[in-house]
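Chemist: With the sequence up front, the predicted model follows.
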Amino acid sequence: MLKNSLTGKQKSFLRSEGMKLEPVVMIGKDAVTPAVVQSARDVIRKRELIKVRVLNNCLEDTDTVITMLAERCDANLVQIKGNTGLLFRRNFDKPKIELP
């Protein structure tokens, strides 16, 4: 999937879907470790759309950490709001989300 290949309408749709989700990946004081990246990859493969939370004890900037995780997971960064980010990557084998 090409980075930032989502249209504005698709991002808006994904943001509305993301409102229903709870964060499934938590980033702590060690920031983006290989274990966090692997965990995010596993979850995003099953769900396509995940919510990521940067905890208060993380010493790095929230935007930088979420952007770095998105790059390492080959996912599209849909939104960053406060300490929470929304990542999307299409599963071509078993798609769960139908984009407009």
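Modeler: Received, thanks.

Chemist: Apart from its chain neighbours, what residue comes closest to the most centrally placed residue in the chain?
Modeler: Residue closest to the average C-alpha location in the chain (CA atoms, centre = their mean): Leu87, at 2.2 Å. Nearest non-adjacent residue to Leu87, counting by CB to CB, 6 or more residues apart in numbering: Ala75, 4.2 Å away. In this view, the C-beta of every residue, glycine as well, is placed from N, C-alpha and C.

Chemist: same deal with Arg53?
Modeler: Nearest one to Arg53, counting by CB to CB, 6+ apart, is Pro23 at 3.8 Å.

Chemist: wouldn't the one you found be in contact with Val54 here?
Modeler: No - using CB atoms under 8 Å, Pro23 is not in contact with Val54, being 9.5 Å away.

Chemist: Who has more neighbours out of those two?
Modeler: Val54 (26 against 16; other CB atoms under 10 Å).

Chemist: Pull up the gap between the more buried one and Arg41, please.
Modeler: The spacing between Val54 and Arg41, counted by CB to CB, to the nearest Å, is 18 Å.

Chemist: Let me see the ranges of the helices in the chain.
Modeler: 8-18, 34-47, 62-72 (DSSP state H).

Chemist: Counting by contacts, list what the second one packs against.
Modeler: It stands for helix 34-47. Under the contact criterion of 3 or more CB pairs under 8 Å, 6 or more residues apart in numbering; DSSP states H and E, helix 34-47 touches strand 25-27, strand 49-54, helix 62-72, strand 84-88.

Chemist: Format these as TSV; extra columns: distance to Pro95.
Modeler: Listed next are the helices and strands packed on helix 34-47 as TSV, based on distance: least, CB to CB, whole Å:
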stretch	distance to Pro95
strand 25-27	21
strand 49-54	11
helix 62-72	19
strand 84-88	12
